[in-house]
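Novice: I need the structure of the sequence given here:
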Amino acid sequence: MLTVNKLEKVMELEATLREQYQGQLDEKDAEIGQLSKEKTTLEARVEELQATIATQLETISELSGKASDTKAVEQRNRELHNRSENLKEEVATAKSRVKTLQKNLADERQELAALKKYDPERMKKNLDANKKKLAEKSKAADLLQKSVKQAKAENSRLEQKIKELEAKQSEEIENPSFEEKPEEAAA
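Specialist: Numbering: from 1, shown residues only. Next up, the predicted model:
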């Protein structure tokens, strides 16, 4: 009977202890559940970060492969810039020639007016010759105007290409994440 009494006391003690500590046990179980969820979330985050690192390593390897392409683009930019400068000089020369031809045309017109004033008979004879000269100079001026327009169009097209290439290059330069990663990988 003693054992039954002891067993009853132990059971009463267990029930009392359960009543006292059941709230704490429930809190600890909830905390353990929450920590398990946090651990799962952290493990998923670690996997995400590892995938991001793998992607960045792949990008770094691609960028290091493209370094020679960047050098080629820079060389092409320099060549296009030089060509653009040469075309600008040609356009300036063509403009000065057009101005000279326009001045010559004005001089010829004044000469024609003077000839009409002073010698109408001789002017009639020279009129055809002057008209031919004027037509030739007009044709030459038209040809020069066309060449100036073509040079301007090509110059603007080349300048647009240069701007696009510079914008692309500055975009690559301004993106610090791509440039810093190869240095970090080397270190």
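Novice: Identify, by residue count, the longest helix of the chain.
Specialist: The helix that spans the most residues within the chain, counting by DSSP state H, is helix 2-118.
Novice: residues touching the residue nearest the centre of the chain, list them.
Specialist: For the chain, Lys168 is the residue whose C-alpha lies nearest the centre (Cα atoms, centre = their mean; 2.8 Å). Contacts for Lys168 (Cβ atoms under 8 Å, 6 or more residues apart in numbering) come out as Val73. For glycine as for every other residue, the C-beta is placed from the backbone atoms N, C-alpha and C.
Novice: for it, phi and psi?
Specialist: phi -60, psi -40 (degrees, to the nearest 10).
Novice: Repeat that for the one 4 residues further on.
Specialist: When quoted as degrees, to the nearest 10, the phi and psi of Glu172 stand at phi -70, psi -40.
Novice: Roughly how far does the residue nearest to the centre of the chain sit from Leu63?
Specialist: Distance from Lys168 to Leu63, counting by Cβ to Cβ, to the nearest Å: 14 Å.
Novice: what about the protein, any weak spots by pLDDT?
Specialist: Applying pLDDT under 70 to the chain flags the ranges 1-2, 115, 119-120, 123, 176-187.
Novice: about what we covered before: what helices or strands is the longest helix of the chain leaning on?
Specialist: In terms of contacts (3 or more Cβ pairs under 8 Å, 6 or more residues apart in numbering; DSSP states H and E), helix 2-118 is packed against helix 120-174, helix 176-186.
Novice: tell me the contacts of Leu80?
Specialist: By Cβ under 8 Å, 6+ apart, the contact set of Leu80 is Leu158, Lys161, Ile162, Leu165.
Novice: I'd like those residues laid out as CSV, including neighbour count.
Specialist: As requested, the contacts of Leu80 are exported to CSV (neighbours: other Cβ atoms under 10 Å):
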residue, neighbour count
Leu158, 16
Lys161, 14
Ile162, 16
Leu165, 16
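Novice: any chance of those residues in JSON lines, plus distance to Lys125?
Specialist: Listed next are those as JSON lines, based on distance: Cβ to Cβ, whole Å:
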{"residue": "Leu158", "distance to Lys125": "50"}
{"residue": "Lys161", "distance to Lys125": "55"}
{"residue": "Ile162", "distance to Lys125": "56"}
{"residue": "Leu165", "distance to Lys125": "61"}
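Novice: Look up how far Thr59 lies from Val73.
Specialist: For Val73 relative to Thr59 (Cβ to Cβ), the value is 19 Å.
Novice: Kindly confirm whether my reading is correct that Val91 touches Gln150.
Specialist: No: assessed by Cβ atoms under 8 Å, Val91 is found out of contact with Gln150, at 9.9 Å.
Novice: Same drill for those two, tell me which one is more crowded.
Specialist: Val91 (18 against 12; other Cβ atoms under 10 Å).
Novice: list the contacts for that one?
Specialist: The contact partners of Val91, by Cβ under 8 Å, 6+ apart, come to Val148, Ala151, Lys152, Asn155.
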